[in-house]
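J.: Take this sequence and fold it.
(one chain, ligands or ions: 4)
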Amino acid sequence: NQDRLALPVGTTLDRFIMRKQEDFPYATGELSQLLRDIALAAKIVNREINRSGLIDITGAYGQQNVQGEEQQKLDVIANIRFIRALRNGGEVCTVISEEEEDMIQTGKNHGKYVVAIDPLDGSSNIDVNVSIGTIFSIYRRQSAIGQEGTQEDCLQKGVHQVAAGYVIYGSSTMLVYTTGNGVNGFTYEASLGEFFLSHPNITTPQSGNIYSINEGSANSFPEGVKQFVQYCKDQSFSARYIGSLVADFHRNLLKGGIYIYPPTHKAPNGKLRLMYECNALAFIVEQAGGKASTGKQRLLEIEPTSLHERCPLFIGSTELVEKAEAFLSPEP
Ligand code: AHG
Ligand code: MN
Ligand code: MN
Ligand code: MN
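T.: Numbering: from 1, shown residues only. Ligands and ions are numbered 1, 2, ... in the order given. This next block holds a predicted model:
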């Protein structure tokens, strides 16, 4: 019955996961455990982020990742923490990560799930105390249990996600996730070491007046994007761009708005990665009543071909995403 489902604000994440599991009579608890493993790693990374100015873990690590980006120390630390928590939890056979060129086999070949993760999103903001995040997608493996996960297990379309979420390490630390039945947000109380339900059943406004795009690249935007940005200005929208996808996305999710990372000369297919940034947020925004597109197609329908492939991202309030799409493919 409905009131059993509407758990009160203040419910702990553990109780929430347990109660929701009851809704899946055949669930054997592995996905619940996997979500707990991710929450544990988030608590550990949260503590390290909050102390990063005090212990020597700010700044560059001194290596580049497969993206050709200078890895920050916290990129590497978060990557290690999340992979270790997923390995120790035992529910995941294989992980793909922004910070790992190839699939990482956990050795737990009886794990039913594979995870795609951006361990630390918004790295350029770490040292200047601006909100950063973690983004994750969870898929059920397609290959037989008992062997290592395969490339096909890791390259599934976004529509096949069983769960997706993000952590935002901001003025407060929150975990926001979906398992396909709506979106719920939990706020971390560090003194208790617990996440508490603070944003039950998040739905995003159908429209909004915030647009998020890096206008530093405006000269190389596709024509339709230039026209849509001009439309936003003509409507006197607010321009808000934090430079951390998770923070820009979270604000727009709650307030309404659109985030765009379009093709540019520097990034002809956009900068954001399909498997561990775009698919997770696309699943979440659709579950919250919004829309996620490449400008041409529903983002969750993209057939992945490589672990680190990039795609253009138009995500947020349905009316704004559809307005942007209209500028991109003018009626014949
Ligand atoms: P990451 O730090 O995981 O590499 O992601 C950075 C991404 C995203 O967080 C942000 O929205 C975008 O890069 C900012 O890119 P620009 O600086 O090119 O605008
Ligand atoms: Mn990066
Ligand atoms: Mn990122
Ligand atoms: Mn990252």
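J.: interface residues of this structure facing ligand 2?
T.: Applying Cβ under 5 Å from the ion, one finds that the chain approaches ligand 2 through 69, 123. Quick note: C-beta positions are derived from backbone N, CA and C, even for glycine.
J.: Please repeat the previous calculation with a cut-off of 6 Å.
T.: Applying the criterion Cβ under 6 Å from the ion, the portion of the chain that neighbours ligand 2 consists of 67, 69, 98, 123.
J.: For the most centrally placed residue in the chain, which non-adjacent residue is spatially closest?
T.: For the chain, the residue whose C-alpha lies nearest the mean C-alpha position (Cα atoms, centre = their mean) is Ile135; its distance is 3.3 Å. What sits nearest to Ile135 in space, not counting adjacent residues and going by Cβ to Cβ, 6 or more residues apart in numbering, is Asp118, at 4.3 Å.
J.: re earlier: what's the per-residue pLDDT of the residue nearest to the centre of the chain here?
T.: On the pLDDT scale, Ile135 is placed at 98.
J.: for Thr150, same thing?
T.: The model reports Thr150 with a pLDDT of 98.
J.: who's in contact with the closest residue to it other than its chain neighbours?
T.: By the measure of Cβ to Cβ, 6+ apart, the closest residue to Thr150 outside its immediate chain neighbours is Ser143, 4.7 Å from it. With contact taken as Cβ atoms under 8 Å, 6 or more residues apart in numbering, Ser143 is in contact with 149-150, 152-153.
J.: Give me the buried entries from the residues you listed.
T.: By neighbour count, with 16 or more other Cβ atoms under 10 Å, the contacts of Ser143 hold 149-150, 153 as buried.
J.: Weed out the non-buried ones from the residues of the chain next to ligand 2.
T.: Buried by 16+ other Cβ under 10 Å: 98, 123, out of these.
J.: wait, Val183 sits on Ile202?
T.: Yes: if you go by Cβ atoms under 8 Å, Val183 and Ile202 touch, sitting 4.3 Å apart.
J.: biggest helix in this protein, by residue count?
T.: For the chain, the helix that runs over the most residues, judged by DSSP state H, is helix 30-50.
J.: how about stretch 293-304: buried residues?
T.: For stretch 293-304, using 16+ other Cβ under 10 Å, the buried residues are 293-295, 299-300, 302, 304.
J.: cool, stretch 28-45 as well?
T.: For stretch 28-45, a neighbour-count test (16+ other Cβ under 10 Å) marks 30-43, 45 as buried.
J.: And those residues, which is closest to ligand 4?
T.: Val45 (12.0 Å; Cβ to the ion).
J.: tell me the contacts of that closest one?
T.: Val45 makes contact with 77-78, 81-82, 119-120, 134, 167, 169 under the criterion Cβ under 8 Å, 6+ apart.
J.: Go again with 10 Å.
T.: 74, 77-82, 85, 119-120, 132, 134, 167, 169, 173 (Cβ atoms under 10 Å, 6 or more residues apart in numbering).
J.: Now the helix or strand hosting Val229: average pLDDT?
T.: Here Val229 sits within helix 223-234, counting by DSSP states H and E. The pLDDT scores in helix 223-234 average 98.
J.: Tell me if it is near ligand 1.
T.: No: using Cβ under 6 Å from any ligand atom, we find that helix 223-234 stays clear of ligand 1, coming within 13.8 Å at best.
J.: and that helix, which residues are buried?
T.: Under the neighbour-count criterion of 16+ other Cβ under 10 Å, helix 223-234 has 224-225, 228-229, 231-232 buried.
J.: The residue of the chain found nearest ligand 2: what's it in contact with?
T.: Ranked by Cβ to the ion, the top residue of the chain for proximity to ligand 2 is Glu69, at 4.5 Å. Residues in contact with Glu69, defined by Cβ under 10 Å, 6+ apart, are 63, 75, 98-99, 123-124.
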